[in-house]
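J.: Quick check, what structure comes out for this input:
(chains A, B, C, D and E, ligands or ions: 5)
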Amino acid sequence: MRHVLPVLTVVAVIVAIWYAAAIWLNAQWALDTAARQDRTLGAAELVLDTWSQEKPKLPAPHQVVTELWQTTVEKNVTSKRSLVYHAWVTLSATLLGFGMGTALGFALAVGIVYIRVMDMSVMPWVIASQTIPILAIAPMIIVVLNAMGLSGLLPKAMISMYLSFFPVVVGMVKGLRSPSRMMRDQMRTWNATRGQEFLRLRLPMSMPYLFASLKIAMAASLVGAIVGELPTGAVAGLGARLLAGSYYGQTIQIWSALFMAAAVAAAAVGLIGIVQRATLKRMGMG
Amino acid sequence: MTEGAIIDARDVSLTFQTNDGPVHALRDVNLSVEKGDFVSFIGPSGCGKTTFLRVMADLEQPTAGTVLVNGVSPEEARKARAYGYVFQAAGLYPWRTIGGNIRLPLEIMGYDRPVQARRVKEVLELVDLAGFEKKYPWQLSGGMQQRASIARALAFDADILLMDEPFGALDEIVRDHLNEQLLALWARTQKTICFVTHSIPEAVYLSTKIVVMSPRPGRITDVIESPLPRERPLDIRDTPEFLEIAHRVREGLRAGHAYD
Amino acid sequence: MTEGAIIDARDVSLTFQTNDGPVHALRDVNLSVEKGDFVSFIGPSGCGKTTFLRVMADLEQPTAGTVLVNGVSPEEARKARAYGYVFQAAGLYPWRTIGGNIRLPLEIMGYDRPVQARRVKEVLELVDLAGFEKKYPWQLSGGMQQRASIARALAFDADILLMDEPFGALDEIVRDHLNEQLLALWARTQKTICFVTHSIPEAVYLSTKIVVMSPRPGRITDVIESPLPRERPLDIRDTPEFLEIAHRVREGLRAGHAYD
Amino acid sequence: MWILLGILAWAGGSALNVWLARQAPGRTTALAVPLIFGVTLIFVWEAAVRGFGISPVLLPAPSAIAARMAGSTGVLWEDFVQTVIKGALSGYVIGCLAAFGTAIVVDRFDFLRRGLLPVGNFVAALPIIGIAPILVMWFGFDWQSKAAVVVVMVFFPMLVNTVEGLRDTSAMQRDLMRTYAAGYWTTLLKLRLPAAMPFIFNGLKLATTLALIGAIVAEFFGSPIRGMGFRISTSVGLLALDLVWAEIVVAAVAGSAFYGGVALLEKAVTFWHPSQRGQS
Amino acid sequence: ADEMTLQLKWVTQAQFAGYYVAKDKGFYDEADLDVTIKPGGPDIAPVQVLLGGGADVMVDWLPSALAARENGAPIVNIAQPFKSSGLMLTCLKEHGIETPADFPGHTLGTWFFGNELPLYSWMSKLGYATDGSEGGVTIQKINFNVDPLLQKQVECATTMTYNEYWQVIDAGLTPDDLVVFKYEDEGISTLEDGLYTTEANLEDPEMVDKLTRFVAASMKGWKYAEENPDEAAEIVLENDATGAQTEKHQKRMMGEVAKLTAGSNGALDPADFQRTVDVLLSAGADPVITEDPGEAAWTHAITDEALE
Ligand SMILES: Nc1ncnc2c1ncn2[C@@H]1O[C@H](COP(=O)(O)OP(=O)(O)OP(=O)(O)O)[C@@H](O)[C@H]1O
Ligand SMILES: Nc1ncnc2c1ncn2[C@@H]1O[C@H](COP(=O)(O)OP(=O)(O)OP(=O)(O)O)[C@@H](O)[C@H]1O
Ligand SMILES: Cc1ncc(C[n+]2csc(CCO)c2C)c(N)n1
Ligand SMILES: [Mg+2]
Ligand SMILES: [Mg+2]
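T.: Ligands and ions are numbered 1, 2, ... in the order given. Sure thing, here's the model as predicted:
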C-alpha cells in the first residue's frame, strides 16, 4: 500500500491532465469539421468529440487502452495485426543486440582495465561514438550489412549493440576498478594470478555496477531495435508500427505502439532487476 | 647477512613521488629479525610503519637498499607464499561468508577441498569464531571481523605473519583477550611475527623486540630487546620491568615527536 | 531534578526496532551531571555509549524515561544551540577547507563575518592547526582532521561539549598532548563535558566522574567520582590513586564482559 | 597497395601507442595516445575505401569528407546554429533546470518521490523515436519542438541523478546539521547540494550526449529546411554522402566538446571528490 | 530458377501491385525467376541498396535517379511502367489559393529525399523565390503523411493521386474543401516509378537475360493488375507484413495507379525522358542536375527484347 498509493495518485493526476490536454489539442479539428458541415458544437458535444476522433492530435487514454486491448488480447498472437507479434519481433532483435552489446562492452571494459594502451586510447572514442546520431547512420549500416549478405535480425541487432555497449563499458570499467587498493594487495600477498584476481575479486565486486548498466543497456537496446526497424522497409516490429502509424496519421496506433514499447522495456528491465536481486542475495549482498 | 636472520633490511629508503613533491617515507632503515621473533613497530602516525611492512611484503619497491626475506628477495618470498598479511582494516569480501573468506587464499593456492574445510574449521576455532562460518561479514561486529581477517592470514602455512594494527578498532577488554590469544598462537606455531601498533602497553606486552620509529623521513630511532619471559600472563603489565620498558618506549617516541 | 544538575536522565530506555527484532540499546539509565563536570563514559563496544550521547543531543528519542538538558528537553536545548558535538569520526565536509568547516556552524548561527574570522583563528590555534586554514580535509592526516573537528565544536559558545571517542584514531603521544589541552580548555572555559572513550587511562586522567556501562541492554553498572584534583599533570598517571581508580574501572568493565 | 598501406599504418599506430603508454604518464601522452589512435583509425578507413574501391555513395573516404567540410562551411554553420545552439542547447538548459527544480520538490515530499519516480522510469523507457513525431506535431517544425524532445530526453536521467545525489549524505553529516539546529534550507544549501554535485554532474554529462542526439533525431520527423538532422536525412536521398558524413563529423565533434566542457566544469566543482583526486 | 531481388521505393502498397501480382500469379515462375521483393521506407535510398549489392533492380523516380547519377552512382533506367505522373499539390480552399499566381506568401509543404526536386523546378519556372522572402513562397519539409495539411502547419502539401489525396478525403474533408494542382496538368511532370539497374549489370549477358525475363513478367503483372484491380489489391494486402494497410484504401489506390500505368508498355519514351531532364535543369539557382545526362542514363536494350 505504501508503494501503490503514491503511484496511483500520480497516474490519476497524469490521466486527468491527459484528458484535459486531449480536449485542448483536438478542439480545433472538431470545430473545423463542424464548421465544414455547418454545425455548431455545444460544450458537451465538443468534449465528447475530442475524446473520440479517429485521428486525434492527442488520443484520449481510453482510446489508447481500447486499441491496446484490441491488438493484444483480441487478436491471434501470430496475426500481423497483433501487437504481441510485433512486440516479439522487436524483442527478439533487442535481446540479440543486448547480448552482443553486453559481450562487446564487457570485453572492452576488461581490455581497458587490464591493458594500458587501451585504457589511454579507447575511452575518448567510445564517448565520441555515442555522440553520432545513430538514426542518421542506421539506414547506411543496414544497407552495408545487407550488401555483405547480412539481413533479417542481425542488422537490427547490430544497431542495438551499438547503443547498448556504451553503458556496459562505462559501468564495468567503474565496477572492475572498484576493489580498493587493499583488496588488490591482498590478492598480491597470496600471489594470485590475473585470472584468479579477476574471477574472485574484480568480477564479484563489479556485480552491482554490472546490473545497473545492464538495465540502461536493455532500454537502449530496445531503442536501437526500433531505430533499426525504421529503415528495414517497415516490415514488422514496433518500429514498423510506429512508422506505419505516422505515414497514415494513425495517432492511436502510434501511441499504443509507444506504450507497448515502454511496457516491453519495463518488463525486460524488471526481469534484470529480479535476476539482480536473486544474484546479490546469493552473494550475500542483498 | 646476519646469521639466522629471517628478515634482513639493509639501508632501505623509499621515496614516494607525489604531486606536492617527493615524500620520504623511509630513510636508511636497517633491521634484522630472527626466526621466531615477535617484532613490534611503533611510531607516530605517518612515520612509515605500514610502508616498511609493505616493502617486506613486496607490495612496495624500496628506492634504495636491499631487503631479504627468508634469504630471498621479497618478490620471491611472496611468490613462495612465505607470509600472511593482516591489513589495517579487516577487508573481508562482502559477498563471501566468513568461511568463504578464509577459504579464499586456500582456493587460490590450490589446496584440496577436504584440506580447505579442515583448515577453515581449525582457524575459526583458534580465533573463537566457531559457528560463524556461514555468516556474512556485515553480520559480525568490527572485532569479530578483525578476528576473521587474522584467521584468514593464519589459514595457510606461512612462516611469517605481517600484521598492520590488527587490533586498532577494538575496545580494551577484547584487545587484551586477543593479545593473549595471539601470544599463545605464536608460542605454539613458532611463527615470526611483525606487528604494527600505536599502543605502548600492547607493544611491550607482546614483543621480543620493539622497533621505535620517528617521522619523516621515517627512520628507526631505537630497537629495544625485551627482557620479559616468553610466557606472559596479563598481569605482567603491572610489574616494574614492564613499566620500565614502557617508559623507555614512551621516551623514544616523544623524542621523535613535535610536541614538548 | 537534582539541584544544579545540567543534565538529568531518569529511567531512560531506548529500544531499536530492527529486522532481527528489537535491540535494547539502553535500559533504565539514571544519571545526573553537574555544571562543570567532566564525565567519561566507558564500556564495551555496542553497550550504548554513543546512543546515550545521541539521546542527550536530541539525535535519538528515548522510548521511555525523561532527559533534561539545562532544565529543558533535549530538543529545546538543541534549538538553543546549547551543546557542541564531536562525532566518532571527524566528519568534515570535503568540499570545504578546514577554515570553512570550522566556520560552518558560525555561518549557520548567524555570527558576523569578522567574529567568524576571529573565532576560526582562535580555535585553530587552540588545536595546533594554525596555518592549515586553507587546506582541504583530505590533505590532512587523520589526527589533524580529528583536531579540526574538535575545533569546529569549540568555535561557538556552547555550555556543553559532547565528545564521542574523539581521540580514537590517534597515536598515544598525540593523544596525551590533546588530553592535556582538553583539560586546560575545560579548566579555562568551565564547560561541562561528556566524553566517550575506550581507554581506561584516558577516562581516569580526564574525568571528574566515570560512568561504566555494561552491554545489552545497556545499563550503568558503576559511577565513579574521581578523588583526583582538577589540576592534573601527565605524570599523575603513575600515582597509586590513579592506578587504583583505573583498577576499579577495569574490574567494572570486566564484570560486564563475556570473557574470563 | 592501399590495403598494404592501411595495414602498415595500423601496425605503426598501435606500436607507437604501446611505446607511448610505457612512458612516464603526463599530460602530453594522455592526449597523444587517443589522438594517434584516432588518426590511425581514419587512415585505415581512407586506405580501405581506396583499396577496396568502395563506392562513394556507400561510404565516402575521409579525404572526400574533409573536402566537403571545407567547401560547405556556410551550410554546416547554418545547420549547427539551428540544431546545436537553438535546439540542443536551449532544450538542455531548460530540461536540466526543470529536472533540478523537480528533484528538489520530489526530494522534499516523499509521497511525490515514491509516486513520481516509478512513473518517471516508465516514461523514460518510451523510445524517443516514438515521442519525437508527437512533439513535432504539438510544438511545430522549428527548433521549439527539438528543444521539447531534448527536454523530455534529459529530464529523467537528470532528475534521477539529482534525487539520488540529494540523498547521498551520511547520517553523521546530517546529524551534524541537526546539532546546529539548522533548518531545511540551510541543510540543503550547505550540505546536501554540495554533496549531490558528483551525482548532478553525472546527470549533466549523460544529458550532453542525449541532448545532441535528441535534437538531431527530432529533425528527422519535421524541421524547417535547415538543421543537421534535416541535412542528413535529405542528403541521403540525393546520395550526397560526403555531406552526410560532414554533418556527422560536426555532430561528433560538437558532442565531444560539449561533453568535455561539462567534464572540465565537473573537475572544477567537485575537485574534492575522491574520483576527481585520482586516488582509487 | 534464377534468383533476383527487387528493391521498392516505398512500403508495400498498390503502387507496386504489378510486381506482387507477377510473383503471386506465377509470372515470375513461368519466366524461371525466383524474385524477392524488398519493401522500402522513408530512410531507405534504393540506390544505395542497389549499389551495395542488396538488390539487382530497383524502383525509383527519374529525378532522384538522375541526381544519384550525378553524385557518382552508375545507374540506368531499363523500363518505365509508369507513363504519367501522380504527383500533385493539394491546398485547403480556406487559405484562398486558387491558381499558381496565389502562391506567393504561402507555405508549401513537400517531401524531401529527392521528392522536392519537381516542386523546386515548378517554383523556379513560376519565378518565385523559395526562401520565404517577399514575393516568394516558403517551402517546408513535411513527412510522408498529410497531417501537416490537416493541422494547418502548411497551406498546401504534396500528395499523390493514389495515396495521400485519399487520406485527406478519409480525414473528413470533401473534394470541395480542396484545390489540387496536378503536375501533369501544369506541364512540369517528371517520370515516376521506373526500373533501374547498374551499368555493370548491363555488361553481363547472363544478367541482361535475367533482367529481360524480369521486365517481361513484371509488365505482364502490371497489365493483369490494371484489368483486375480488386484482385491485385487483395494480393498486395496479403503481402503487407505490417498489417497496417486497409482494403478500402488499397482498392482505391489500385484504381488510381492503373490510370498512371495505362499507356505504358514498359518501354521508356525518350520524349518523356527529355521533358523530365528539361524540367530539372530549369530549377533555379540550385539546380538538381547540372548537365543533361543524355542517353547513357537509359537503355531500350532490355525492353526491346522483353516486349518482343
Ligand atoms: N602511495 C603513497 N603515495 C604517496 N605517499 C604515501 C603513499 N603511501 C604512504 N605515503 C606517505 O608515506 C608516509 C608513511 O606512510 P605510512 O602509511 O607508512 O605511515 P604509518 O606509519 O603506517 O602511519 P599510520 O600510523 O597512520 O598508519 C606518510 O607520510 C604517507 O603520507
Ligand atoms: N540505528 C540503529 N538501529 C538499530 N540498532 C542500533 C542503531 N544504533 C545503534 N544500534 C545498536 O544499539 C547498540 C548500542 O550502540 P552504540 O552505538 O550506542 O554502542 P557504543 O557503545 O557506542 O559502541 P562503540 O564503542 O562500538 O561505538 C548496539 O548493539 C547497536 O548495534
Ligand atoms: C524514398 C522515398 N520515400 C518516399 C517517396 C515519396 N513517395 C513516392 S511514392 C510514395 C507513396 C505514397 O504516395 C511516396 C511517399 C519517395 N519518392 N522516395
Ligand atoms: Mg599505517
Ligand atoms: Mg560509539
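J.: Mind listing the residues bridging to the residue most central in space within chain B?
T.: In chain B, the residue lying closest to the centroid (C-alpha atoms, centre = their mean) is B:Met163, at 2.0 Å. Beta-bridge pairing for B:Met163 (DSSP bridges): B:Val86, B:Phe195.
J.: my guess is it contacts B:Val86, does it?
T.: Yes - with contact defined as C-beta atoms under 8 Å, B:Met163 and B:Val86 form a contacting pair (4.3 Å). Bear in mind the C-beta positions are built from the backbone N, C-alpha and C, glycine included.
J.: Burial check on residue 75, number of neighbours?
T.: Since no chain was named, I'll use chain A. A:Lys75 has 17 neighbours, counted by other C-beta atoms under 10 Å in any protein chain shown.
J.: Switch to chain D, please.
T.: D:Val75 sits with 16 neighbouring residues when counted by other C-beta under 10 Å.
J.: The one 5 residues further on now?
T.: By the criterion of other C-beta under 10 Å, D:Phe80 has 19 neighbours.
J.: With A:Ile132 instead?
T.: A:Ile132: 19 surrounding residues under other C-beta under 10 Å.
J.: gap between the spatially closest residue to it that is not a sequence neighbour and A:Gly105?
T.: Residue nearest to A:Ile132 in three dimensions, not counting chain neighbours: D:Ala252, with 5.3 Å by C-beta to C-beta, 6 or more residues apart in numbering or on different chains. Noted for D:Ala252: a distance of 20 Å to A:Gly105, by C-beta to C-beta, to the nearest Å.
J.: Show me which of the two is the more surrounded one.
T.: Higher neighbour count among D:Ala252 and A:Gly105: A:Gly105, with 26 against 19, using other C-beta under 10 Å.
J.: which strands and helices sit next to the helix or strand where that one lies?
T.: In the assignment (DSSP states H and E), A:Gly105 maps to helix A:83-114. If you count contacts as 3 or more C-beta pairs under 8 Å, 6 or more residues apart in numbering or on different chains; DSSP states H and E, helix A:83-114 packs onto helix A:61-72, helix A:116-129, helix A:153-176, helix A:207-229, helix A:238-247, helix A:251-282.
J.: and the closest residue to D:Val269 other than its chain neighbours, how many neighbours?
T.: Spatial nearest neighbour of D:Val269, excluding adjacent residues (C-beta to C-beta, 6+ apart): D:Met197 at 5.7 Å. For D:Met197, the count of nearby residues is 18 (other C-beta under 10 Å).
J.: picking that back up, what about the helices and strands packed on helix A:83-114, which gets the closest to ligand 1?
T.: helix A:116-129 (18.9 Å; C-beta to the nearest ligand atom).
J.: low-confidence ranges in the stretch 51-200 of chain B?
T.: Within the stretch 51-200 of chain B, the segments meeting pLDDT under 70 span B:169.
J.: at 80 what do you get?
T.: The stretch 51-200 of chain B contains residues with pLDDT under 80 at B:88-90, B:141-143, B:168-174.
J.: same thing with the stretch 51-200 of chain E?
T.: Within the stretch 51-200 of chain E, the ranges that satisfy pLDDT under 80 run E:113-115, E:117, E:130-135, E:143-145, E:151, E:171-172.
J.: Closest residue of it to chain C?
T.: Relative to chain C, the nearest point of the stretch 51-200 of chain E is E:Lys141 (49.0 Å; C-beta to the nearest C-beta).
J.: Name the nearest residue to that residue, sequence neighbours excluded.
T.: In space, not counting the residues next to it along the chain, E:Lys141 is nearest to E:Phe112; the distance is 5.0 Å by C-beta to C-beta, 6+ apart.
J.: Please identify which helix or strand holds the one you found.
T.: E:Phe112 belongs to no helix or strand when assigned by DSSP H and E.
J.: Against ligand 3, how distant is it?
T.: 9 Å (C-beta to the nearest ligand atom, to the nearest Å).
J.: who's in contact with that residue?
T.: D:Ile225, D:Phe230, D:Ser233, D:Thr234, D:Gly237, E:Lys141 (C-beta atoms under 8 Å, 6 or more residues apart in numbering or on different chains).
J.: The second one is in what secondary structure piece?
T.: Same thing as D:Phe230. Using DSSP H and E, D:Phe230 falls in helix D:228-237.
J.: so what secondary structure elements neighbour that helix?
T.: Contacts defined by 3+ C-beta pairs under 8 Å, 6+ apart place helix D:228-237 against helix A:134-147, helix D:73-80, helix D:193-219, helix D:241-269.
J.: now the longest one against helix A:134-147, angle please.
T.: Angle between the axes of helix D:241-269 and helix A:134-147 is 130 degrees (criterion: axes from the mean of the first three to the mean of the last three C-alpha atoms, to 10 degrees).
J.: So which elements touch helix D:241-269?
T.: Helix D:241-269 makes packing contacts with helix A:116-129, helix A:134-147, helix D:62-71, helix D:73-80, helix D:193-219, helix D:228-237 when contacts are defined by 3+ C-beta pairs under 8 Å, 6+ apart.
J.: Domain-wise, how is the chain divided?
T.: Using chain A here. A:4-58, A:83-282 (automatic domain parsing).
J.: oops, chain D please
T.: Chain D is divided into the following domains under automatic domain parsing: D:2-53, D:68-276.
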